[in-house]
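Colleague: give the three-dimensional model of this entry:
(one chain, ligands or ions: 1)
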Amino acid sequence: MEKSLVVILLLAGLCEDTSCQTRKYIAVQTRKNWTEAGRYCREKHTDLVTVRSLEENKQIQFVALAVSGFNQFWLELHRERENWQWSNGDAVSYTNWTAGSGALYCATADAGGSWGQSVCHDQKPFLCYNETSNITERYTLISTMKTWAEARQYCREHHTDLVSIKSASENEEIKKKAPTSPFWIGLFNDPWKWTDGGNSTFQNWGVSEPNNVLGNENCVLMYSLNNGKWEDWPCSFEFCFICYEESNPTTKAPETTAEPSTETTERLTETQSSPEPGKGRWQVVRTEIKAPEGQDPEDPKIRDAILTELQERFSKDTPKEGMMLRWIKKDGKIFHKLEEKEEEKEETETCSKP
Ligand SMILES: [Ca+2]
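Modeller: Predicted structure coming up:
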């Protein structure tokens, strides 16, 4: 059996805000469906990880990237219920959906006055409106193809907003302006919820996601190799996942936050962050690597080569100005041999290939 080693790194300059000081992230390298993953996290830690900002997303991606070979990790975000809203805040008092529209995320209308649903990243013409009582001046068709978000931005800059439709008579007026192909209207669906009740609206979808391509993609994962972008997947699929724990790093020194992995049979990567006086902020990441065949990783040349490779990998996937990696020692050693069970090894080898 090949030896596994625990590597302890000290990473500087990762955290720019205070929110990252209070959470510990644990990447669990065992495949579970979303429900089981959440149960595991609540039993052993706090919960599946929630993401409240781009900075937190980067930290979590960093934890995920430190897990060699696995790249898809469940987040806590999930579809709770359809939640259609008008971009301009109007109440949704009237709809004219085509039958069988599915559960997608941005709404279109067509020349017949019927509404459909589409992936918001699709490019379509769109209809803006001006806040005026003159009905003939109210609507403006823009034929330039844009995504729904780009269309909304354009309408807000040049008109009032993407069009909202509150009655059948308004729908009839809009038909008069309609192009031959479906066009964006201001209606969008935001069914995504964090169970912790947080009101974070931060989302970080990959291109063409969410797309509900299988019709039941109700849970969300992070794809670490795609810059930490998110994808919707069926909750029954099994992936690795990331738990979090609230912590108070101001009471702990960095060396004491990285407990030896040999004391646990869980296969975890943990990071924790805290201010380092005069040197910005740091984050501790502990991960597993395979020992080079016949070589001692404590050899300074081998040690430096591993660090260089990790630095290149992190810089490529998530460029960080001024980020620096260095080893830290625990009990006088950087590397600590990890007990390995055969069944766990099999499980982790298929972790990111559902
Ligand atoms: Ca998807």
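Colleague: what about the stretch 51-200 of the chain, any weak spots by pLDDT?
Modeller: 100-102, 197-198 (pLDDT under 70).
Colleague: burial count for the closest residue to Arg79 other than its chain neighbours?
Modeller: The shortest distance from Arg79 to any non-neighbouring residue, by C-beta to C-beta, 6 or more residues apart in numbering, is to Asn218 (4.0 Å). (Each C-beta comes from the backbone N, C-alpha and C, glycine too.) Residues lying near Asn218 (other C-beta atoms under 10 Å) number 20.
Colleague: relative to Thr132, how far out is Asn218?
Modeller: Separation of Asn218 from Thr132 (C-beta to C-beta, to the nearest Å) stands at 41 Å.
Colleague: again with Glu150
Modeller: According to C-beta to C-beta, Glu150 stands 24 Å off from Thr132.
Colleague: ok, these two, which is more surrounded?
Modeller: Using other C-beta under 10 Å, the more surrounded residue of Glu150 and Thr132 is Glu150, with 16 against 11.
Colleague: looking at this, the more buried one is in a helix?
Modeller: Yes. Remark: Glu150 belongs to a helix, assigned using DSSP: H, G, I helix; E, B strand; the rest coil.
Colleague: next one: it from Trp230, what distance?
Modeller: From Glu150 over to Trp230 the distance is 19 Å, taken as C-beta to C-beta.
Colleague: closest residue of the stretch 1-150 of the chain to the ion?
Modeller: Taking C-beta to the ion as the measure, the point where the stretch 1-150 of the chain comes nearest the ion is Val119, at 9.2 Å.
Colleague: quick check: bridge partners of the residue of the chain found nearest the ion?
Modeller: When you check the chain against the ion by C-beta to the ion, the closest residue turns out to be Asp232, at 4.2 Å. Residues in a beta bridge with Asp232, per DSSP bridges, are Val220.
Colleague: same deal with the one 10 residues further on?
Modeller: Ile242 forms beta bridges with Ala27, as assigned by DSSP bridges.
Colleague: which SSE is immediately downstream of the lengthiest helix in the chain?
Modeller: In the chain, with assignment by DSSP state H, the single longest helix is helix 300-317. Following the chain from helix 300-317 toward its C-terminal end, the next helix or strand by DSSP states H and E is strand 324-327.
Colleague: so how far is that following strand from its chain's centroid?
Modeller: Taking the mean C-alpha point of strand 324-327 and that of its whole chain, the gap between them comes to 25 Å (C-alpha atoms, centre = their mean, to the nearest Å).
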